Each structure stands twice: as C-alpha cells, then as structure tokens.
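**Student:** Quick one, structure for this:
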Amino acid sequence: MTSDDVRTVRVLIVGAGFAGLGMAAALDRAGDRDFLVLEQGAGVGGTWRDNTYPGCACDIPSVQYSYSFAPGDGWTTARAAQPEILGYLRGVAAGFRDRISFGARVAEGHWDEAGACWRVTTDGGRRYAARYLVVATGALNVPRLPRIPGAETFAGSAFHTAAWDHGVALDGKRVAVIGTGASAVQVVPEIAARAAELHLYQRTPAWILPARGARPPRLRRLARTAEYWRAEARVPAFAGPGPVASALHRRALRHLRRQVPDPALRRMLTPQHRIGCKRILHSDSYFPALTGRGVEVVTTPIDRIVPDGVVTADGTRRAAEVLVYATGFRVAGALGRLPLVGRDGVTLQQRWQERGVRAHLGIAVAGLPNLFLLSGPNTGLGHNSVLFMIESQIRYVQDAMVAVERAGAAALEVRERVQDASHDDVQRRLSGAVWSTGGCASWYLDGRGVNHALWPGSSWRYRWRTRRVSLADYHLTHLLPR
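**Tutor:** The predicted structure is shown next:
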C-alpha cells in the first residue's frame with residue numbers, strides 16, 4: 001500500500017495491549033472480521049511488552065487477570081510474572097495477527113462528516129478510513145520522570161523501570177531507587193539481592209498486604225469467581241471509614257510488624273494516610289529486602305542529583321553508580337493527548353481542557369461520533385481486576401455498533417447532557433471516597449485534585465450500567481435508506 005492509498009475497514013482499533021486485543025478478539029469471535037489494529041510498538045502487549053524490569057508481575061491473582069473467553073489456565077504462579085502475561089496476550093492475538101499493523105503510531109485522526117467515517121493517518125503516512133474508531137491505548141504508557149536538579153549530570157546509568165536497561169549489571173553496584181510504588185515493591189527485592197548497596201528514596205510509604213501464596217489454585221474457574229467476590233468485598237473500605245477498612249488496616253500493620261522487627265524502620269514504613277488512598281500493594285519479599293545488609297531507606301527529600309550520587313536536603317551525599325526511577329506513569333490526561341478531531345473541528349484535548357475530562361460511562365465522548373474509549377476516564381479499579389471493566393466496555397461497544405446499524409443510521413454520538421450527568425454522578429460518588437479524603441496525593445488525581453482514574457464502587461454495578469446501549473442517550477445521524 002502506498003501513502004496515496006486509503007485502506008477502508010469497518011472498525012479501526014488503536015492499541016494492541018489488553019484492551020485493544022480484547023476488542024479485536026471479541027469482534028473476531030462474533031464473526032466481525034473487518035477490523036484492523038494499529039499498534040505503535042513492534043509487538044503486542046502494551047505495558048506488558050514494555051515493562052521488563054526484574055520482578056515485574058501482576059499485583060492481583062492470576063486467575064483474575066484474563067478474559068472470560070480466554071481464561072488463561074496456564075498460569076504457573078498465583079500472581080503471574082511479566083513473561084507469562086505477555087505470552088498470554090500473544091496467544092489471544094494469534095487468531096488475528098494478520099490484522100495487526102505494527103509500528104503504526106497515529107499521527108492524526110478526524111471525523112469526516114460527509115463520509116460518516118473516521119480518517120486516520122499514521123506517522124508513516126498510511127491512511128485509513130473506518131466507520132468506527134476504538135481507542136484502546138491505555139494510561140500506563142508514558143513514564144513519569146521527576147524534575148530533580150542535576151539529574152542530567154549523573155555519570156552512571158539512569159533509567160525508568162518502564163525502560164529497563166538489561167545491559168547494565170547490578171551485581172556489586174551501588175544502586176539508588178527513587179519511588180516506593182507498585183514497580184518499586186517488585187523490583188527492590190531483585191536489586192537488593194544483587195547490589196552491594198541499595199538506597200531507596202521514599203516520599204510516601206505504601207500499604208502492603210501479604211501476597212497470599214505462590215502457587216495458582218487447582219480449581220481455577222471456581223477460584224476465579226471466588227477471587228472476584230473476595231475483591232468486591234473490599235469496596236466498602238474505599239467508601240469511607242468502617243469495619244472493612246479497619247480490618248484491612250489491621251492486616252497490613254500485622255504484616256509490617258511480622259516482617260520488620262526494627263521499630264525505627266517500621267515507623268518509616270508505616271503510612272500516615274488511610275488504607276486505599278493509594279493503591280494497596282501485595283508482597284511477601286519487599287519488607288524483608290529492606291531489612292537486609294547494605295539497604296537503607298531514605299525519607300529525607302532529595303535536594304539534587306550529582307554525577308556520582310544523590311544529595312538529600314540535610315546535605316548528606318550518598319554514592320550511586322546506577323539510578324533507577326520507579327516513579328510510575330503520567331496517567332492524568334493520557335487519552336486527551338491523542339490527536340483526534342471531532343465534529344466542527346474541535347479536538348478531544350480542547351473539549352477536555354474547556355470542560356474537564358469526561359465521557360459517558362468512560363466510553364463515549366460528546367462531539368466525537370462513532371468513537372469509543374476502552375479504559376477511558378473513571379473506569380479503573382482500586383480493588384479488583386480492571387479486565388472485568390474492559391470486558392464490560394467491549395460488550396457495550398459491540399452492542400452500540402449493532403444498535404446503530406439496526407436503526408438504519410450511519411453514526412451515533414452521545415448527548416452532551418447524558419455525558420455530563422454520567423460524569424457528575426461519578427464525581428459526586430468520588431467526593432466522599434478515600435481517594436479524596438484519605439490524606440494522600442496519588443496518580444489517581446490530576447493536578448487539580450480531580451479523580452479521573454477510578455470507578456467509585458463495585459465493578460458489577462458498572463457491568464449492570466453497561467449491559468446494553470440505550471439509543472435515547474445518543475444522537476443518531478446520517479440515516480441511511482432502508
């Protein structure tokens with residue numbers, strides 16, 4: 001295909017991570033094979049392709065981290081490691097790999113009113129026309145690097161966990177790790193076992209629960225259901241103080257006391273925010289690693305980075321040969337950076353800048369006909385598998401496509417009042433939740449303190465809300481002759 005050609009498909013999917021592959025697999029299973037997946041990377045997997053740091057694994061039970069139509073019965077551990085998850089995704093994609101275009105970063109996409117289609121161009125100049133556009137790029141794909149004075153002067157090796165440099169040997173080295181979130185909890189035990197010295201720079205400690213075993217259960221389908229409802233039972237803990245939150249708090253403190261005998265270190269590792277305010281983590285190896293020889297937890301703020309180490313605000317200089325940023329991702333507004341132009345030439349970014357990030361059920365955005373978001377605003381979870389939410393969205397998108405065609409229409413666009421009511425309801429329910437009142441700052445909140453990341457309640461309620469499309473919520477346009 002030359003740059004002058006336009007490839008026409010019914011459904012164009014952007015992203016070949018969990019969400020994009022799930023959408024493609026669902027279409028394929030339904031016999032809707034006129035689709036194409038655009039993936040900017042060289043392979044499938046998204047964040048599970050890119051994050052290859054030592055110890056990288058899923059932080060929820062393996063039996064929950066798969067689609068219902070492909071339950072992933074091959075897990076070998078209770079919480080699957082990155083290579084297994086990537087292998088699972090490759091298996092999901094095996095049946096439609098010929099409909100995935102790699103190295104295809106979207107440069108621009110705009111809604112063609114006259115043609116009732118999305119016209120998309122990639123960086124390489126390839127052009128596509130699609131009746132439906134499904135955006136499945138996810139949020140954990142832009143590493144967040146803190147702005148620390150002198151970082152550019154560091155003479156050793158420095159990299160983010162999401163861009164791990166496997167050519168750098170850690171054995172016998174002095175390593176500095178900045179950050180104590182999910183990736184740090186996984187990578188620190190791996191580094192501590194090899195490095196001569198490890199300095200962990202902590203701004204805020206995390207609440208950590210036991211990992212609950214190493215082996216996957218035998219009756220995996222039954223265990224999948226049991227794990228789902230066990231996780232759902234935690235929902236009240238996020239709504240506010242109560243018996244569920246208290247029980248989780250006591251369990252986390254018990255875990256900390258058992259694994260960290262030193263009271264001074266234990267105080268450093270005890271969060272001051274309410275449990276659930278930040279993501280609750282699971283590990284049996286993180287705390288023991290911090291008690292090991294040559295490991296120091298540093299809570300004094302970093303002042304600057306120098307060529308041979310890190311200097312904290314009290315003037316202490318700690319030598320380092322390797323600097324690891326375990327500082328997470330730029331989540332807030334990630335979707336808003338996509339170059340998508342809707343009706344009347346207004347971009348998605350402009351809409352969200354003017355009125356705030358909002359989408360009906362996290363899926364449909366007013367002014368962008370026939371466009372669907374997967375893992376959109378306020379559809380993440382702090383307690384259960386996000387794949388349950390994504391699968392709900394996939395079913396909703398399929399239903400929307402069928403509904404618009406049954407109605408003899410060419411396009412549908414969510415009504416702005418419906419979108420706003422959906423957004424306001426979510427924010428109202430979030431206002432009293434632990435993420436807003438728990439006394440912490442987290443990646444769930446944007447720069448204005450607004451939570452655009454999480455769904456405020458049970459995932460089964462979201463499944464109920466998305467069980468079918470109500471055409472009364474949408475404008476139907478470009479009616480076709482029957």
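
**Student:** where exactly do the strands run in the stretch 201-350 of the chain?
**Tutor:** Using DSSP state E, counting those that start in this stretch, the strands of the stretch 201-350 of the chain run over 208-209, 281-282, 295-298, 302-306, 309-312, 317-319, 322-325, 340-341.

**Student:** W352 sits in which helix or strand?
**Tutor:** helix 348-355 (DSSP states H and E).

**Student:** Do a quick rundown of the helices in the protein.
**Tutor:** Ranges of helices in the chain, per DSSP state H, are 18-29, 47-50, 82-93, 182-192, 220-232, 235-239, 243-259, 263-268, 286-290, 348-355, 386-406, 416-430, 434-437, 459-465.

**Student:** what's the closest of those helices to G115?
**Tutor:** Closest approach to G115 among these is made by helix 386-406 (15.7 Å; Cβ to Cβ). C-beta here means a position set from N, CA and C on the backbone, and glycine is covered the same way.

**Student:** Could I get the buried residue list for the closest one?
**Tutor:** 386-398, 400-401, 403-404 (16 or more other Cβ atoms under 10 Å).

**Student:** quick one: G87 and T77, what's the gap?
**Tutor:** From G87 across to T77, the span is 13 Å (Cβ to Cβ, to the nearest Å).

**Student:** I meant T477, not that one.
**Tutor:** 50 Å.

**Student:** thinking again about what came up before, which of the helices of the chain sits closest to Y444?
**Tutor:** helix 434-437 (5.1 Å).

**Student:** The closest one: how far from the chain's middle?
**Tutor:** Distance of helix 434-437 from its chain centroid, counting by Cα atoms, centre = their mean, to the nearest Å, is 19 Å.

**Student:** Flag every buried residue along that helix.
**Tutor:** Across helix 434-437, burial judged by 16+ other Cβ under 10 Å covers V434, W435, S436.

**Student:** And stretch 421-438, by the same measure?
**Tutor:** So, applying 16+ other Cβ under 10 Å, buried residues of stretch 421-438: S422, H423, V426, Q427, L430, A433, V434, W435, S436, G438.

**Student:** which residues are in contact with that stretch?
**Tutor:** Residues outside stretch 421-438 that contact it (Cβ atoms under 8 Å, 6 or more residues apart in numbering) are 237-240, 245, 273-277, 356, 358-361, 377-378, 382, 442, 444-445, 449-451, 454-457.

**Student:** do the same with stretch 156-165
**Tutor:** With contacts defined as Cβ under 8 Å, 6+ apart, stretch 156-165 is touched by 47, 50-54, 56, 143, 145, 151, 168, 183-184, 187, 308, 320-327, 329.

**Student:** Apply 6 Å and report the result again.
**Tutor:** 50-53, 143, 168, 183, 187, 321-323, 325-326 (Cβ atoms under 6 Å, 6 or more residues apart in numbering).

**Student:** cool, and stretch 318-333?
**Tutor:** Here stretch 318-333 makes contact (Cβ under 6 Å, 6+ apart) with 139-140, 142-146, 154, 156-158, 160-161, 173-179, 181, 183-184, 199, 308-310, 443, 446.

**Student:** I'd like to know which of the residues you listed are buried.
**Tutor:** Buried among the contacts of stretch 318-333 (16+ other Cβ under 10 Å): 139-140, 142-143, 145, 154, 156-158, 160-161, 173-179, 181, 183-184, 199, 309-310, 443.

**Student:** wait, D284 sits on A211?
**Tutor:** Yes. Shown here, D284 and A211 form a contact pair, counting by Cβ atoms under 6 Å, at 4.6 Å.

**Student:** Mind checking which of the two has more residues around it?
**Tutor:** A211 (19 against 16; other Cβ atoms under 10 Å).

**Student:** what bits of the stretch 251-400 of the chain have low per-residue confidence?
**Tutor:** 332-334, 336 (pLDDT under 70).

**Student:** nearest to R131, of the helices of the chain?
**Tutor:** Smallest distance to R131 across these (Cβ to Cβ): 8.4 Å, for helix 386-406.

**Student:** rewinding a little: save the helices of the chain as CSV, and put in distance to F69 too.
**Tutor:** As requested, the helices of the chain are exported to CSV (distance: least, Cβ to Cβ, whole Å):
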stretch, distance to F69
helix 18-29, 7
helix 47-50, 19
helix 82-93, 9
helix 182-192, 27
helix 220-232, 13
helix 235-239, 25
helix 243-259, 32
helix 263-268, 45
helix 286-290, 34
helix 348-355, 30
helix 386-406, 8
helix 416-430, 27
helix 434-437, 31
helix 459-465, 15
